[in-house]
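>>> structure for the following, please:
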Amino acid sequence: MMQGVELVEAYRTGELSPVEATQASLEAIEEFDDQVNAFVLVDAEGALAAAKESEARWHSGEPLGPTDGVPISVKDALWTRGWPTLRGSTLIDESQPWDEDAPCVARLRESGAVILGKTTTPEYSWKGVTDSFRYGVTGNPWDPSKTSGGSSGGSATAVGLGMGAWSIGTDGGGSVRIPAAFTGTVALKPTYGLIPLFPPSAFGTLSHVGPMTRTVRDNAAMLDVVTGFDARDWSALPTPGRSFLDGLDDGVAGLRVAYSRNLGFGKNDPEVEAAVDAAVGVLAAAGAVVTEVDPGFADPVEVFNVLWFSGAAKVLQAYGDAVDDRVDPGLRRSAAAGAQYTASDFLDATAARMELGLLMGRFHLDYDVLVTPTLPLAAFPVGQDVPDGSASPEWTSWTPYTYAFNLTQQPALSVPCGFTSARLPVGLQVVGPRHADALVLRVGQAYQAATDWHLRTPTLAAR
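Numbers count the residues shown, from 1 in each chain. From the prediction side, this is the model:
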């Protein structure tokens, strides 16, 4: 599977055309999607037409941008002009006009990217696995009977199986990083506001947009495209002044890396912990100064829940009371809890969130990055919100290392760092201070330069 940066170089030299790359992506969708359910919409005719236009631009030496002709997909939580955005829900009217792109989709389209279709998400992206009444369950490229994770599970599975080189997802509590860890792919939750979002999420400023790829280099290249300023997002950051590819290969020699196995409150599967320990050893061997240390905060899950459940309540509020049999029971449960919170509860949670941000800001005065497992476990069976034996029905019970950094709005990257004995991927999370997205990518690139986990072929594709 050629990656996006490789495809663009092949277009430049004439070794490959965007039409050939798009045809290969569509063939992968045809071969694998019945087994994993990654897509809710595929527009083969439109994609091939766009690829032919890209091919003509490359032949004339006038590509629209550095990603012209790269086949991509879009999570079905982001607006796409001409296609419905149904968010995995039976409540949304498909017949309404769909005449506007989300900012990231607009930037990708303007750059000449070939949009193949839209990928699966749980209802309103509310949980850490991908299944819904509307579209069913999404499986894992390494074992379709296991979950892809979520809520950007369709995007991760699509990228993992070569059903497009890139995808764009959203992350409100881990939703690009969770599926990246479970599928052996790469995903970045950038600094909040770096990728503009419109319309705004019901989950407020917890929700980020993030690039999903097979390699860190591709992630940086995609980030260059989707970070363009968009006035529709009042919290959007200015367009970066330099490429995220600049300095990507500068390595980690001398960087101060804090390693926390469990943030002081998680509990890992031994095989996951061994893989992450080994990954940290790779960074140390590359010259990083590694210190084992916890950041020093207690599990902020209750703070997160106030904000997350309030968002769930807001999602369902618009539909009235008669939706019980049409809505995921877990989403209904979360919304019912959220409806009980007061404005004072919300402001208290916001204050606790700011305290956590202050703590992490000070922590990063001493450490350039923090590394942790992305998740404490490998993928579990599809159709379950939580693994077997869980003491809690909440998806946050098994994702203790992701949602804290939505609260703090820091960049957090997941890269594959090994496998369990059952041949299921393990993820390494790299967290940096706000606005240090380039540094986080640089650490991930240094790790991938020294390892080959990201080059492994998923079991489904190897058959």
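
>>> ok, Asp368 - contacts?
255-257, 432, 436, 439 (CB atoms under 8 Å, 6 or more residues apart in numbering). (Each C-beta comes from the backbone N, C-alpha and C, glycine too.)

>>> pull up the per-residue confidence for it.
Asp368 is assigned a predicted lDDT (pLDDT) of 98.

>>> what's the answer for Leu108, then?
The model's pLDDT for Leu108 equals 97.

>>> start the count at 29 instead of 1 going forward.
Yep, numbering from 29; the last one is Leu136 now.

>>> in the strand or helix carrying it, what's buried?
Under the criterion of DSSP states H and E, Leu136 resides in helix 131-138. Residues of helix 131-138 classed as buried: 131-137 (neighbour count, 16 or more other CB atoms under 10 Å).

>>> how far is it from where the chain is centred?
Here the centre of helix 131-138 is set off from its chain's centre by 17 Å, with CA atoms, centre = their mean, to the nearest Å.

>>> what does stretch 412-431 give?
18 Å.

>>> ok, and for it, which residues are buried?
Judged by neighbour count (16+ other CB under 10 Å), stretch 412-431 contains these buried residues: 413-414, 422-424, 426-431.

>>> how about low-confidence regions in the stretch 229-378 of the chain?
Residue ranges of the stretch 229-378 of the chain with pLDDT under 70: none are present.

>>> wait, which of the buried residues of stretch 412-431 is closest to Ser88?
Distance to Ser88 across those (CB to CB) is lowest for Thr430, with 44.6 Å.

>>> contact partners for the closest one?
201-202, 205-206, 402-403, 440, 457.

>>> JSON lines for these, including pLDDT?
Output for those, formatted as JSON lines (pLDDT from 0 to 100):
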{"residue": "Gly201", "pLDDT": "98"}
{"residue": "Gly202", "pLDDT": "98"}
{"residue": "Arg205", "pLDDT": "99"}
{"residue": "Ile206", "pLDDT": "99"}
{"residue": "Thr402", "pLDDT": "99"}
{"residue": "Leu403", "pLDDT": "98"}
{"residue": "Ala440", "pLDDT": "99"}
{"residue": "Gln457", "pLDDT": "99"}
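
>>> show me these that map onto helices.
Using DSSP state H, 205-206 are the members of those that sit in helices.

>>> which one of the contacts of Thr430 sits closest to Ser235?
Nearest to Ser235 among the contacts of Thr430, counting by CB to CB, is Gly201 at 8.8 Å.

>>> excluding covalently adjacent residues, which one is nearest to that closest one?
The shortest distance from Gly201 to any non-neighbouring residue, by CB to CB, 6 or more residues apart in numbering, is to Tyr431 (3.9 Å).

>>> right, and that neighbour touches Phe332 too?
Yes. Contact between Tyr431 and Phe332 holds when scored by CB atoms under 8 Å: they sit 4.8 Å apart.

>>> name the residues contacting each of those two.
Common neighbours of Tyr431 and Phe332 (criterion: CB under 8 Å, 6+ apart): 201, 424.

>>> the stretch 329-478 of the chain: strands as residue ranges?
For the stretch 329-478 of the chain, the strands defined by DSSP state E, counting those that start in this stretch occupy 397-401, 440-447, 453-459.

>>> TSV for the ones you listed, including distance to Pro298 and mean neighbour count?
Below are those laid out as TSV (distance: least, CB to CB, whole Å; neighbours: other CB atoms under 10 Å):
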stretch	distance to Pro298	mean neighbour count
strand 397-401	12	27
strand 440-447	12	28
strand 453-459	11	29
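
>>> now distance to Asp277 too, for these, in a markdown table please.
Shown next, in a markdown table, are the strands of the stretch 329-478 of the chain (distance: least, CB to CB, whole Å):
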| stretch | distance to Asp277 |
| --- | --- |
| strand 397-401 | 17 |
| strand 440-447 | 15 |
| strand 453-459 | 16 |
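
>>> His482: which of those is closest?
strand 440-447 (5.4 Å).

>>> pull up the pairing partners for that closest one, direction included.
When pairs are called by DSSP bridges, strand 440-447 turns out to pair with strand 214-217 (antiparallel), strand 453-459 (antiparallel).

>>> kindly export the following helix or strand past the helix holding Leu136 (C-alpha atoms) in PDB.
Next along the chain after helix 131-138, taking DSSP H and E as the criterion, comes strand 142-147. These are the backbone C-alpha positions of strand 142-147, laid out as PDB (Å, rounded to 0.1, in the frame of the first residue of the first chain):
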ATOM      1  CA  VAL A 142     -10.000  12.500  -4.300                       C
ATOM      2  CA  ILE A 143     -12.800  11.900  -1.800                       C
ATOM      3  CA  LEU A 144     -13.900   8.300  -2.000                       C
ATOM      4  CA  GLY A 145     -16.800   8.500   0.400                       C
ATOM      5  CA  LYS A 146     -17.800   8.600   4.100                       C
ATOM      6  CA  THR A 147     -16.900   6.300   6.900                       C
END
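
>>> name the next helix or strand downstream of strand 142-147, please.
Using DSSP H and E, the helix or strand that follows strand 142-147 in sequence is strand 159-160.

>>> tell me what Asp159 is bridged to.
Val165.

>>> can you give me the buried ones in stretch 374-384?
For stretch 374-384, the neighbour count (16+ other CB under 10 Å) marks 377-378, 380-381, 384 as buried.

>>> filter those down to just the ones in helices.
Using DSSP H, the buried residues of stretch 374-384 in helices are 377-378, 380-381, 384.

>>> out of the residues you listed, who's nearest Gly256?
So of these, ranked by how close each gets to Gly256 (CB to CB), first place is Arg381, at 27.8 Å.

>>> look up how far Thr211 lies from that closest one.
Applying CB to CB, to the nearest Å, the value for Arg381 to Thr211 is 29 Å.

>>> please apply the same query to Thr255.
24 Å.

>>> neighbour count winner among the two?
Shown here are Thr255 and Thr211; by other CB atoms under 10 Å, Thr211 has more neighbours (35 against 26).

>>> so the more buried one makes contact with Thr185?
Yes. Under the criterion of CB under 8 Å, Thr211 makes contact with Thr185 at 5.9 Å.

>>> joint contacts of the two?
Residues touching both Thr211 and Thr185 by CB under 8 Å, 6+ apart: 168-169, 176.

>>> neighbour-wise, which of the residues you listed leads?
Ser176 (35 neighbours).

>>> residue contacts, that one?
Ser176 makes contacts with 64, 66, 157-158, 166-169, 182, 184-185, 207, 210-211, 407, as judged by CB under 8 Å, 6+ apart.
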